[in-house]
Each structure stands twice: as C-alpha cells, then as structure tokens.
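**Student:** when you get a sec, could you give me coordinates for this:
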Amino acid sequence: MKYISASEAARRWGVAPRAVQRYCASGKIEGAKKYGRAWMLPEDAERPPDNRKKAEEPPPQPYPGLFLMENLCLDGRSPEEIAAELPDDESRREFFWEFALIQGKTKASMDICGQMPRNTRFRITVLHGRNIAAIRGGRYHALCRSMHALNSLRKEQCASPLALSCIDLAEAVVYASVYAPDHCPRWLQEGDFSHLPEDAKPFALYLYTLYLNGTEQLQRMLGVTEAALAHPSRRGFTVSELYLRIMRVNALVALDRREQARELLAHALETAIPYGLLSPFSEQLATMRGLLEEVARRRFPEAYKQIRKGWKEVFTGWTEIRNRILDTENTKLLTAREYQIALLLVDGKSCKEIAQSMNTTPAGINYSLQIMREKLGVKKSRDIVPFVTWSKEQPHNLRK
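**Tutor:** Here you go, the predicted structure:
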C-alpha cells in the first residue's frame, strides 16, 4: 500500500496539516501510521466528515451521467477553451481530472479529484475514478472500499433511476476492464441498455465490446463497433468514440484483417495524440497482437514511447486486480511483446504465423518463446497458455 504525508493529505483536502494530524490521532483515518512525530496516511484515504457542523446541507442530486466528458466533443479547441464554456468551477475541476485520467496521469488526476467537495454532484464519477486508479495501481483493498462506497450510494439513491443507472455503469467498468466476463452484470452480457440514459449508451457500447472480446465473440464485436461509429460526432470526437475505434481495431486484428486495422489505428492515433489521450491505447496494447507497436513506432515514435510507458505502469496492477477477482494466476513476468506472443499462442497460431503478425522472423519468435518458458518455468510453449488465458472460474464479488 502506498502512503502520503499529512501535509500532502492536507493539500488534497484543503485543510491545515494540523487538522489531518488530529484526524489521525483520533483514529478517524483507517490505516494511518505514525513514524516518530510524523503521520503517514494511505494514498486513497478520504477526509472524515466535519462533526463540528450541527447540520449539513443535503447532498445535491448526482450529475446525470458517469462522465462529464461524455457530453463534450473534442473538436480542435484546447482543453482550456472547452473548460471555459462549462457553467461553474466545480464542473471545470471535474473536466480537468477526467481529462488527466484519460491521459494516463493517474496521480495528477487523483490530486484534482481530492479537491472536489465532499458532497459534489459528481460523486459517482469520483468513485469511478478511484476504481480506475486502484486497478492501475493494483490496490485491491482500495478497490473494495470504493466499490462498497458505490453500493452505499446505491442505497442512498434508490429512488433515482438515473443515479442507479450511472452506478450500474461504474460497477460494470471494473469487471469489463479486467476481462472478467462472467462477473459482468446481466444487462451488459445481454447488451440491454434500455435502462441507461441516451448520453451513457456510447460508453456502455464500449463496455459491451470488452465483454464480447473477453468471450471471443469477435464478429459481433466488429459489428457493434462499426454500427456505433457509423454516425460519428459532426465535429471532432468524444472519448467513447475513441474507445470504440480502438476496439474496432482489436476486432479486425483478431479476425486477421490487419491491413484495414492498420489504417484505422493510424487514424485513431492521429485523432488522439494532439490531446495526449494515450491511456486508451496503453490499456489495449497487448491485445492488438503487435499492430500498435508497428504503427506507432513508425509513424508516431514519441507517442509510442509514452504508450509503452503507460502499459508498463498499469499492466502489473491490472493483472493483480484481475487475479484477485478471478482467483487465477495470470503472469506478471512477461513483457508487452511476450504477452502479445502468448495471446497469439492462445489463438492457436503457429510460430511462423506469429512471426508474420509480429513483423519478425520465426527464429526471433522461437528465441522469445525460449525466454518465456524459462521465466514461467515450463518446458513446452503450449504450457504458456494457462498463464494468459482468461479464466472464468470462482466468482469474486466486490459488492459486499
């Protein structure tokens, strides 16, 4: 577990360091530890309620969506120009923390998130952001706490169908993003979005494609992405459209339509790079079977370095969370390239076919397989497969 100082917590919460020290000394911060005269707090610790207030104002109704950015089109304007048109400072702060999260700047986004008011109308989105940060960092207990907070909010908002649908989305993101298809809610497995508001459906379609990818329904996955992208935004693109473009490339790669996938991937990168939105590509680097490296390294070398760095930063955490949810043992030992080779083994590809997909020689693939076997302690290449396949056994419920 990562820790922060009392001064850092005070800066995030907008209080004096002395107030944080009092919280710790009175046992109000779970997991706080004292080293000498200094207090250290869990990185995801939340500010306790202020009991000095005799009566708090009732919290405002939650924002009617999981993301503020779902209703914003990235059309060439700078983030500052887009934010300037938002109605208040709270919305602008929300926009910038969402933007940082999608850029892959997890710590910066959580710093901004920590400045949000306790009773912010974006509290569902804030909890969702904490879920994502916990998955990226491999902090399973932090993820459990955040999911439990969502469940408490579900009880509080039981009379608000709109809030409940947003909570449904936030919970579905966790299981879909770690490729745990059997744990996804029934409505997502069936592709039934009738209970969701219209603005949330594009993002729900993206989650559905993750489910289809996890269950190897590749042709349907391609059809869903192509139908969803048939009528793009008139100007620019939304974040959901970017995710759907990436999943369309994933489907084409898995269906061996690499030439078409190559051009669509280049277009998606050209769209996203000016805004620095590289985290969606980092998240799907391994599942593209080498195509992302091929395109990005040649056409966008600087962006490629950042995408690789983002993948390395989140892959171990992602695997840790996935292993805990599925009670399985996906390997953390393989590099991005080795993981892609392993996924092609899962697809049943021969060494020669893997070499063609990875734009290298069979001898190079054989050498990589030898290294992988040594890392995993197995004698045959086919024995690598269980370390990367997507197990569906032993459900693990985070909503306790």
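
**Student:** what about Glu226, helix or strand, and which?
**Tutor:** For Glu226, the enclosing helix or strand under DSSP states H and E is helix 218-228.

**Student:** cool, Arg93 as well?
**Tutor:** Per DSSP H and E, Arg93 falls inside helix 89-103.

**Student:** elements contacting the helix holding Glu226?
**Tutor:** Under the contact criterion of 3 or more C-beta pairs under 8 Å, 6 or more residues apart in numbering; DSSP states H and E, helix 218-228 touches helix 201-214, helix 239-254. Using the backbone N, CA and C atoms, a C-beta is placed for each residue, glycine as well.

**Student:** can I get those in TSV with mean pLDDT?
**Tutor:** Converted to TSV, these look like this (pLDDT from 0 to 100):
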stretch	mean pLDDT
helix 201-214	94
helix 239-254	95
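
**Student:** let me have the ones you listed in TSV, adding distance to Leu376 and mean neighbour count as columns.
**Tutor:** Formatted as TSV, the helices and strands packed on helix 218-228 follow (distance: least, C-beta to C-beta, whole Å; neighbours: other C-beta atoms under 10 Å):
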stretch	distance to Leu376	mean neighbour count
helix 201-214	22	23
helix 239-254	24	24
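
**Student:** leaving out sequence neighbours, find the closest residue to the residue minimising distance to the centre of the chain.
**Tutor:** By C-alpha atoms, centre = their mean, the chain has its centre lying nearest to Ile132, at 5.0 Å. Computed as C-beta to C-beta, 6 or more residues apart in numbering, the closest residue to Ile132 that is not its neighbour in sequence is Leu101, at 6.4 Å.

**Student:** check contacts around the one you found.
**Tutor:** Applying C-beta atoms under 8 Å, 6 or more residues apart in numbering, we find Leu101 in contact with Ser109, Gly129, Ile132, Ala133, Ser279.

**Student:** which intervals of the protein have sub-threshold pLDDT?
**Tutor:** Applying pLDDT under 70 to the chain flags residues 1, 50-59, 232-234, 328-332, 336, 389-400.

**Student:** the longest strand along the chain pairs with which strands, and in what direction?
**Tutor:** Scanning the chain for the longest strand, with DSSP state E as the assignment, gives strand 38-42. Applying DSSP bridges to the sheet, strand 38-42 is found paired with strand 3-5 (antiparallel), strand 33-35 (antiparallel).

**Student:** need these in JSON lines with distance to Glu190, can you?
**Tutor:** Output for the strands paired with strand 38-42, formatted as JSON lines (distance: least, C-beta to C-beta, whole Å):
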{"stretch": "strand 3-5", "distance to Glu190": "42"}
{"stretch": "strand 33-35", "distance to Glu190": "46"}
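
**Student:** what's the closest of those strands to Thr335?
**Tutor:** Proximity to Thr335 (C-beta to C-beta) singles out strand 3-5 among the strands paired with strand 38-42, at 29.3 Å.

**Student:** can you give me the buried ones in the longest helix anywhere in the chain?
**Tutor:** The helix that spans the most residues within the chain, counting by DSSP state H, is helix 301-326. For helix 301-326, burial by neighbour count (16 or more other C-beta atoms under 10 Å) applies to 303-304, 306-308, 310-311, 313-315, 317-326.

**Student:** which element is Pro270 on?
**Tutor:** Let me fix one detail, which is that residue 270 is Glu and not Pro. Glu270 belongs to helix 258-272 when assigned by DSSP H and E.

**Student:** residues in contact with that helix?
**Tutor:** 237, 242, 245-246, 248-249, 252-253, 278, 280-281, 288, 291-292, 294-296, 299-300, 303, 357.

**Student:** if we can go back for a sec, out of the strands paired with strand 38-42, which is closest to Asp192?
**Tutor:** strand 3-5 (41.6 Å).

**Student:** what packs against the helix or strand following that closest one?
**Tutor:** With elements assigned by DSSP H and E, the helix or strand that comes after strand 3-5 is helix 6-13. Identification of packing neighbours for helix 6-13 by 3+ C-beta pairs under 8 Å, 6+ apart yields helix 17-25, strand 38-42.

**Student:** touching helix 6-13 from outside, list them.
**Tutor:** Taking C-beta under 8 Å, 6+ apart as the rule, helix 6-13 contacts 4, 16-17, 19-21, 24, 38-41, 45, 47, 111, 114-115.

**Student:** distance from the chain centre to that helix, please.
**Tutor:** Here helix 6-13 is found 25 Å from its chain centre; the criterion is C-alpha atoms, centre = their mean, to the nearest Å.

**Student:** only alpha carbons, please: show stretch 81-90 as CSV.
**Tutor:** Output in CSV follows, covering the C-alpha atoms of stretch 81-90 (Å, rounded to 0.1, in the frame of the first residue of the first chain):
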residue,chain,number,x,y,z
GLU,A,81,-11.1,26.6,-24.2
ILE,A,82,-13.5,23.7,-23.6
ALA,A,83,-13.4,24.2,-19.9
ALA,A,84,-14.1,27.9,-20.1
GLU,A,85,-17.6,27.1,-21.5
LEU,A,86,-18.6,25.0,-18.5
PRO,A,87,-21.0,26.6,-16.1
ASP,A,88,-19.0,26.6,-12.8
ASP,A,89,-15.7,25.9,-11.1
GLU,A,90,-16.8,22.5,-9.9
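
**Student:** related to what we said a few turns ago, for PyMOL, write a command that selects the buried ones of the contacts of helix 6-13.
**Tutor:** The following PyMOL line selects those of the contacts of helix 6-13 that are buried, judged by 16+ other C-beta under 10 Å:
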select buried, resi 4+19+20+21+24+39+40+41+45+47+114
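
**Student:** nearest to Arg93 among the contacts of helix 6-13?
**Tutor:** Gln115 (6.3 Å).

**Student:** can you pull the phi/psi pair for the closest one?
**Tutor:** Note on Gln115: backbone dihedrals following degrees, to the nearest 10 are phi -90, psi 0.

**Student:** isn't it right up against Val15?
**Tutor:** No - counting by C-beta atoms under 8 Å, Gln115 does not reach Val15; the two are 11.3 Å apart.

**Student:** who touches both of those two?
**Tutor:** The contact sets of Gln115 and Val15 do not overlap (C-beta under 8 Å, 6+ apart).

**Student:** list the contacts of Gly364.
**Tutor:** Ala355, Met358.
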